[in-house]
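Asks: Just a sequence and a predicted model for now, questions to come.
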Amino acid sequence: MVTEVPEIDIEALLVWVYQRQRADLVVDRGVGLHELEREAAGIPVTRRTADGTGSSIAVLGCRVDNSGTPSGVLHPDAEAVHDAVCRAPRPLWTGLLIEVGRTGERPDWLPGARVEEQAILHRGKVVFVVDDDGCIVGPKVRTVLVRDEVGPDGRVRQVTLDRSPAALELGRRVYAEWRAALAWLVDELVSRQLLASHRVTGPAAPDEPWVSVL
């Protein structure tokens, strides 16, 4: 009987790897590795003799559990995914894939936000720019980040965000890098057939979601 391998989107797979399996902590700290694997990775291996255990019992008056963390507890697919993430062609991709996998939240590209110029007010009145001849050039403005939001009364109102206008471009660039990293990882896992228990799909995340809302 052939067992069907379940499909899973790359985002959900990364959440499983870094929230459930905690692969970055297990592998990077050597937890879950067999003794020879820990030594090969340069991770110190602490061994305890029977005499040492007996001394601890005599001092503490109780038996000390020296078994440590069980070896080989990390799912092979989780280890394969984390290994692939760590060899991403850009360190930024590695960091984004791990961090977003941990939080389970996509990078915030500030949906609905836009850059606008607002007149500067002083005591409720518009401040104007005056040239050397004393003629009014126009209102003094500042560049801000705004978004339309629905208020408690159900009406749409423009809200000025407490963020730098540069945050909009930054958020979109970070999202684009993360999306590119997802696509690379899917190709890496599929082309090299690195997974045994999962069939990865996606990424379902849109490429440039801000384009559809412009």
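Replies: Nice, I can see it. The structure presented is a predicted model; accordingly, all values stated were derived computationally and were not measured.
Asks: shaky segments in the chain?
Replies: 1-3, 28-72, 213-214 (pLDDT under 70).
Asks: got the contact list for stretch 136-152?
Replies: 110, 112-120, 126-131, 156-161, 163-165, 167-168 (Cβ atoms under 8 Å, 6 or more residues apart in numbering). C-beta: built from backbone N, CA, C; applies to glycine.
Asks: List buried residues within those residues.
Replies: Of the members of these, the ones counted as buried by neighbours, 16 or more other Cβ atoms under 10 Å, are Leu110, Ala113, Arg114, Leu161, Pro165, Ala167, Leu168.
Asks: Please name the residues that touch the first one.
Replies: If a contact means Cβ under 8 Å, 6+ apart, then Leu110 has Leu145, Arg147, Leu161, Arg163, Ala167, Leu168, Gly171, Arg172 as its contacts.
Asks: my read is it is in a helix, agree?
Replies: No: assigned with DSSP: H, G, I helix; E, B strand; the rest coil, Leu110 falls outside any helix and is coil.
Asks: when you give positions from now on, start the count at 219
Replies: Okay, residue one is now 219; in that scheme the one you just asked about reads as Leu328.
Asks: Distance-wise, check it relative to Val364.
Replies: 11 Å (Cβ to Cβ, to the nearest Å).
Asks: One more: the fifth one?
Replies: Look at Pro383 and Val364: by Cβ to Cβ, they are 10 Å apart.
Asks: One more: the fourth one?
Replies: Applying Cβ to Cβ, one obtains 7 Å for the distance of Leu379 from Val364.
Asks: Domain-wise, how is the protein divided?
Replies: According to automatic domain parsing, the chain comprises the domains 225-250+287-328+384-419, 332-378.
Asks: Going along the chain, name the strands of the protein.
Replies: 225-227, 332-337, 339-340, 343-344, 346-348, 354-357, 359-368, 374-378, 417-419 (DSSP state E).
Asks: re earlier: between Leu379 and Val364, which contacts overlap?
Replies: Counting by Cβ under 8 Å, 6+ apart, the residues touching both Leu379 and Val364 are Ala331.
Asks: Now that Ala414 has come up, it's in contact with Pro294, right?
Replies: Yes: assessed by Cβ atoms under 8 Å, Ala414 is found in contact with Pro294 at 6.2 Å.
Asks: Kindly check the end-to-end length of stretch 329-341 for me.
Replies: The first and final residues of stretch 329-341 sit 32 Å from each other (Cα to Cα, to the nearest Å).
Asks: got the contact list for it?
Replies: 344-345, 357-366, 378-379, 381, 383, 386, 427-428, 431.
Asks: and the nearest residue to Pro307 once chain neighbours are set aside, what is it in contact with?
Replies: Nearest residue to Pro307, sequence neighbours excluded (Cβ to Cβ, 6 or more residues apart in numbering): Trp402, at 7.2 Å. Going by Cβ under 8 Å, 6+ apart, Trp402 touches Ala306, Pro307, Trp311.
Asks: Show me those residues that map onto helices.
Replies: Secondary structure from DSSP state H places Trp311 of the contacts of Trp402 in helices.
Asks: of the contacts of Trp402, closest to Glu229?
Replies: In terms of Cβ to Cβ, no member of those lies closer to Glu229 than Trp311, at 14.4 Å.
Asks: ok, that closest one - contacts?
Replies: Contacts of Trp311 by Cβ under 8 Å, 6+ apart are Val303, Glu395, Trp396, Ala398, Ala399, Trp402.
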